[in-house]
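1. A structural model of the following input is requested.
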Amino acid sequence: MINSIERFGYWALQWSMQWDPSLADLCTLAPELILDKRIAITSCDSGPFSPSSENLIAGWQVENGVAISRKIAQITELPWPGFDEWYVFENVPCTVPMRSFVNRYGFSVLDESAAALSFWEQVQTTNPLHVLGAGTPNMFFVTRDRASFEQLSSLSTQLPCGPSWTPPKPQSL
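-> Numbering: from 1, shown residues only. Below you'll find the model as predicted:
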């Protein structure tokens, strides 16, 4: 099931199903969401992401325990083991998001829970272009870019409906 809202100048899509969502699903369908962007990773497999020494040499950095990528050239540069939360920026953010929310079972960007209100407060404070999150059973996409929202809305029928789904191969860059 797909639901959407508009809140604080952002549009949000949320997929809720009986599946284990992955940001690979979104990024395979719409790689332009992350290509040539910097990603602040607040959750990677339910915890912090520690860039390798090779990542750090290549331009990744860590701010207050949050890994921030270099500008992404290929979607395979990012980890997505599950329970991932990414804040997408054009450049290194002035304010780094510090909290992750996808690790709470059933977390929803659409409701009025204390966790959702805290999430939206962090979004307003850090001002990312997009936020992508995958927990259980929800996956979400939040954006300030109406065109990206509309594009992903139209592609969302191609997202998995169950564990037997196989993602399409990424288009060549």
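2. ok, M139 - contacts?
-> Applying C-beta atoms under 8 Å, 6 or more residues apart in numbering, we find M139 in contact with 14-15, 21-23, 25-26, 133, 159. Heads up, the C-betas are built off the backbone N, CA and C, glycines and all.
3. give me the pLDDT value at it.
-> With respect to pLDDT, M139 has a value of 92.
4. helix/strand/coil for it?
-> strand (DSSP: H, G, I helix; E, B strand; the rest coil).
5. so what's it bridging to?
-> W15, A134 (DSSP bridges).
6. any idea how far it is from N55?
-> 25 Å (C-beta to C-beta, to the nearest Å).
7. can you tell me the closest non-neighbouring residue to L132?
-> W86 (4.7 Å; C-beta to C-beta, 6 or more residues apart in numbering).
8. would you verify that the one you found is located in a strand?
-> Yes: W86 forms part of a strand when assessed by three-state DSSP.
9. what's the burial count for it?
-> 31 (other C-beta atoms under 10 Å).
10. report the separation between it and V131.
-> According to C-beta to C-beta, W86 stands 7 Å off from V131.
11. equivalent analysis for L13, please.
-> Taking C-beta to C-beta, one finds L13 at 11 Å from V131.
12. out of those two, which sits in the busier spot?
-> Set L13 next to V131 and count neighbours by other C-beta under 10 Å: V131 wins out with 25 against 21.
13. so that one touches V88, yeah?
-> Yes: assessed by C-beta atoms under 8 Å, V131 is found in contact with V88 at 7.0 Å.
14. in the longest helix along the chain, what counts as buried?
-> As assigned by DSSP state H, the longest helix anywhere in the chain is helix 114-126. Across helix 114-126, burial judged by 16 or more other C-beta atoms under 10 Å covers 116, 119-120, 122-123, 126.
15. one step back: kindly reformat the contacts of M139 as a markdown table containing pLDDT and neighbour count.
-> As requested, these are arranged in a markdown table below (pLDDT from 0 to 100; neighbours: other C-beta atoms under 10 Å):
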| residue | pLDDT | neighbour count |
| --- | --- | --- |
| Q14 | 92 | 20 |
| W15 | 87 | 21 |
| P21 | 80 | 24 |
| S22 | 85 | 18 |
| L23 | 91 | 27 |
| D25 | 84 | 21 |
| L26 | 87 | 29 |
| G133 | 96 | 27 |
| L159 | 70 | 20 |
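16. how many residues are close by the closest residue in space to T125 that isn't next to it in sequence?
-> Spatial nearest neighbour of T125, chain neighbours left out: T95 (5.8 Å); criterion: C-beta to C-beta, 6+ apart. T95 is flanked by 12 other residues according to other C-beta under 10 Å.
17. the chain should start at 27 in everything you say after this.
-> Let's use 27 as the start, then, which means that last one is T121.
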